[in-house]
Each structure stands twice: as structure tokens, then as C-alpha cells.
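**Q** model this:
(one chain, ligands or ions: 2)
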Amino acid sequence: MPLTNKEKTLIEDNLNAEYLCIRKYEQYSAMASDQKIKQVFTDLASKEHQHAQTLKNMLSSNGENTYNMFESYVKPQGDLSNMQPNLGITDAQLLNDALSTEKHVSGSYNTAVLESVDPQIRKQLQHIQQEEQGHAETLFKEMQSRGWYNPS
Ligand SMILES: [Fe+2]
Ligand SMILES: [Fe+2]
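**A** Ligands and ions are numbered 1, 2, ... in the order given. Take a look at the predicted model:
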């Protein structure tokens with residue numbers, strides 16, 4: 001079944017968000033001080049790579065061009081946590097920003113799911129959305145365990 005214009009646009013929007021997530025999490029992994037938090041960001045980046053690939057396949061199997069200016073970039077190398085004091089960045093801020101990103105992305109997938117006509121596309125998007133909620137939960141737990149997130 002060919003993609004509707006709406007499906008195509010929403011998949012492209014989400015693909016753009018995935019590319020931004022990949023860059024952000026690879027950069028945050030380099031910038032974080034705590035080894036566990038570095039690992040969390042590395043793991044999330046690899047999950048977002050899988051999401052991007054799934055979306056790319058949806059578009060390319062429909063003959064759509066998948067060019068996106070944020071797809072390729074120079075990945076940060078090594079530990080850059082020594083930049084934190086000069087930039088005023090903390091691990092808590094990195095986690096909080098990532099959590100906020102995941103909340104946004106999850107909402108964006110929710111819209112894409114609800115606008116899907118093709119049941120296969122809908123199923124794949126639902127699966128990704130569920131994983132985004134899992135990412136938010138992982139980030140939330142990292143914050144909560146350090147006393148950086150205390151919903152009352
Ligand atoms: Fe994702
Ligand atoms: Fe995510």
C-alpha cells in the first residue's frame with residue numbers, strides 16, 4: 001500500500017527527530033561525567049539508530065527520497081566531560097534534557113500512529129512509540145536514583 005501524504009510527512013518528521021536524538025545522545029555520552037550515564041546515552045543512541053533505519057526503510061520501500069541533512073555528522077571521540085564546567089553543563093541537565101526529548105518524541109509517534117492507514121506501518125510505529133516510552137522510563141529512573149527527579 002503506498003504511503004498517504006500524511007503518513008509520509010509524519011514519518012519524515014519522526015526520522016528527523018531520530019537523527020537529532022542520535023546526535024544528541026552520542027554527544028551527551030561524550031560530555032557526561034558519570035560512567036553509567038555515559039553508557040545509558042550510548043545505548044539510547046544505538047536504539048535510535050534502529051528506529052531511524054526502520055523509518056528510512058518505510059520511506060525507501062515507497063520510493064521516497066530519504067535525504068536528511070542531520071543524518072551524517074562527525075561523531076564525538078573520547079571523553080569530553082572536562083567541557084562541563086566551562087559550559088555550565090551537569091549530568092542532571094543532560095538527563096533532564098534527554099527525558100524532555102523523549103516525552104516530545106513519544107507524543108510525535110502517537111500522532112503518527114493515529115494517522116496511519118497502513119496496518120503494518122501503524123504496528124511498526126506503535127512498537128517504536130513503546131520503546132520511546134521505555135527510553136523515558138530509563139532516563140527517569142537514572143534521575144530518580146540520584147535524587148534529581150522527585151515527583152510528589
Ligand atoms: Fe527513537
Ligand atoms: Fe528514544
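**Q** Now name the helix or strand holding the residue in the chain positioned nearest to ligand 1.
**A** Using C-beta to the ion, His51 is the residue of the chain that sits closest to ligand 1, at 3.5 Å. All C-beta atoms are positioned from the backbone trio N, CA, C, and that covers glycine. His51 belongs to helix 35-60 when elements are defined using DSSP states H and E.
**Q** What parts of the chain come near ligand 1?
**A** Within reach of ligand 1 by C-beta under 5 Å from the ion, the chain has these residues: Glu18, Glu48, His51.
**Q** out of these, who's nearest Arg146?
**A** Nearest to Arg146, judged by C-beta to C-beta, of the residues of the chain next to ligand 1 is Glu48 at 23.1 Å.
**Q** how far away is that closest one from Ile22?
**A** Per C-beta to C-beta, to the nearest Å, Glu48 is found 5 Å from Ile22.
**Q** Kindly report the same for Glu115.
**A** Counting by C-beta to C-beta, the gap from Glu115 to Ile22 is 24 Å.
**Q** coming back round to it: contact partners for the residue of the chain closest to ligand 1?
**A** Asn14, Glu18, Ile128, Glu131 (C-beta atoms under 8 Å, 6 or more residues apart in numbering).
**Q** ok, back up a step: looking at Glu48 and Ile22, which is more packed in?
**A** Set side by side, Glu48 and Ile22 show more neighbours around Glu48, with 25 against 22, by other C-beta atoms under 10 Å.
**Q** So for Ser152, what pLDDT did the model give?
**A** Per-residue confidence at Ser152 stands at 67 (pLDDT).
**Q** can you check Thr66 too?
**A** 89.
**Q** Who are the contact partners of it?
**A** Leu15, Lys56, Leu59, Ser60 are the contacts of Thr66 under C-beta under 8 Å, 6+ apart.
**Q** Now neighbour count, pLDDT and distance to ligand 2 too, for those, in JSON lines please.
**A** Formatted as JSON lines, these follow (neighbours: other C-beta atoms under 10 Å; pLDDT from 0 to 100; distance: C-beta to the ion, whole Å):
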{"residue": "Leu15", "neighbour count": "22", "pLDDT": "98", "distance to ligand 2": "13"}
{"residue": "Lys56", "neighbour count": "18", "pLDDT": "97", "distance to ligand 2": "16"}
{"residue": "Leu59", "neighbour count": "17", "pLDDT": "96", "distance to ligand 2": "19"}
{"residue": "Ser60", "neighbour count": "11", "pLDDT": "95", "distance to ligand 2": "22"}
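**Q** Done for today, thanks.
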